[in-house]
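Undergrad: Sequence and predicted structure, then a few things I'm wondering about:
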Amino acid sequence: MTTEGSAGRAAFGFVFVTVVIDMVALGMIVPIFPGLLAEFRGGDTSSAATYYGIFGAVFAAMQFLFSPVLGSLSDRFGRRKVLILSNLGLGLDYLLMAVAPTLGWLFVGRVIAGITSSIYGTAGAYIADVTPPEKRAEKFGMLGVAFGLGFILGPSLGGLLVSYGLRTPFYVAAGLSLLNASYGFFVLPESLPPERRAPYRWRNAHPIGALHFLQRRPTVLRLSVAGFLSMLAHDAMPSLYVLYTSYRYHWDARTVGLVLAGVGVMSMIVQGALVGRLVRALGERRALAVGFLSGAIGMAVYGLAPTGAIFIVGIVFTAFSGLANPALQSLMTSRVDATEQGQLQGAQGSLTGIASMTAPIFFTQLFALSVGRFATWALPGLAFLAAAL
């Protein structure tokens, strides 16, 4: 049973604020983390880059492993406890990284961050609990706005704070996460009453169990495969953007940053203002197809654009690919029982983790080949064309 009216709106408001604050905290860390690694490695940029890749892979691996765990725990004990404890753990983890005396302690911090940041599946399950099926696409679109807003504000705030010390953003991120946990403790209602909870079963609380969960539901499995391929293609952009635009269009750091901010703004406009209307007008299946097709066209434009101006045109198409995930989430959440929403979101979190681990290696290697061994093909955008495919 879903919650409507002011109580449902208030509950969604908390989840929205939770995701914004979490993404602001994460966004503050992203731009300064390589510098902190370089500090630990005595200023050796090459060594810092190697460790940065390792830390990123470990972060994604923790999400792959623990998204099903948190999803199953939320089905058993309720969403509220998992959301609050995840925020608490993330806040304490940022404190650990702020005071980490060695690279080993910093590594421990990234492991914990990967585990506790698997909160987003639980946030998705909460939305499914409190939102009628016909309004879920719109709400999941607003959750996308929260991600975009957090990533726009976070790096900017981190850039300002770093002038007070390389570790200052970690302290502020810790404060935001702990404040969020306190806010949830006093304000957030539980969305999953005891009579709708499922027993905790270990066989469901790991990635293989999550995949079996999907396998037993063929329609959800097919939708999940489509979502995974879309996520893999989507991750070509963060994996390649700086390398590709610097190489092909000779963009400086200012241009890279401005265009990236434009990507975030376009995404927020589509997901915040248009998703609900377009899904209602087209229906979830057509909206899903339009979103996937728009993403493919956008990636093809990126790969073929001879100038930076044409590359920017592709941003409009990829922004409309934001139709896909809300429609996909709405279709999937309506095909599982209320007691299984956490398992579903946990399974999706594992697939996202696989995409996050695979995309940087796959697309950067394709780019390296396209400008190296196969440079005579004159296809520096080969990796984006693969993403379009």
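TA: Done, it's in. Here the structure is a predicted model, which means the values were calculated and not measured.
Undergrad: so how far is residue 112 from residue 339?
TA: For residue 339, the distance to residue 112 (Cβ to Cβ, to the nearest Å) stands at 29 Å. C-betas here are computed from N, CA, C, even on glycine.
Undergrad: So for the two, which residue has more residues nearby?
TA: Neighbour count, other Cβ atoms under 10 Å: between residue 339 and residue 112, residue 112 has more, with 18 against 15.
Undergrad: Quickly find the element holding the more buried one.
TA: helix 103-116 (DSSP states H and E).
Undergrad: which helices and strands does whichever helix or strand comes after that helix pack with?
TA: Under the assignment DSSP H and E, the closest C-terminal helix or strand after helix 103-116 is helix 120-130. Here helix 120-130 touches helix 5-29, helix 45-77, helix 79-99, helix 136-161, helix 324-333, helix 341-371, going by 3 or more Cβ pairs under 8 Å, 6 or more residues apart in numbering; DSSP states H and E.
Undergrad: okay, these, which one's buried deepest?
TA: The highest average neighbour count among the helices and strands packed on helix 120-130, using mean count of other Cβ atoms under 10 Å, belongs to helix 324-333 at a mean of 25.
Undergrad: residues in contact with that one?
TA: Applying Cβ atoms under 8 Å, 6 or more residues apart in numbering, the contact partners of helix 324-333 are 124, 128, 133, 136-141, 143-144, 220, 223-224, 226-227, 230, 271, 275, 279, 284-285, 287-288, 291-292, 295, 341, 344, 348.
Undergrad: orientation of it relative to helix 341-371 in degrees?
TA: 150 degrees (axes from the mean of the first three to the mean of the last three Cα atoms, to 10 degrees).
Undergrad: Quick check: nearest residue in space to residue 174, chain neighbours excluded?
TA: Leaving out its chain neighbours, the residue that sits closest to residue 174 by Cβ to Cβ, 6 or more residues apart in numbering is residue 94, at 3.6 Å.
Undergrad: Pull out the buried positions in the helix or strand where residue 269 lies.
TA: Secondary structure assigned from DSSP H and E places residue 269 in helix 253-269. Buried positions in helix 253-269, judged by neighbour count with 16 or more other Cβ atoms under 10 Å: 257, 259-260, 263-264, 266-268.
Undergrad: Show me which of those residues is closest to residue 371.
TA: Set against residue 371, the nearest of the buried residues of helix 253-269 by Cβ to Cβ is residue 259 (20.3 Å).
Undergrad: State the mean pLDDT of stretch 313-329.
TA: For stretch 313-329, mean pLDDT rounds to 91.
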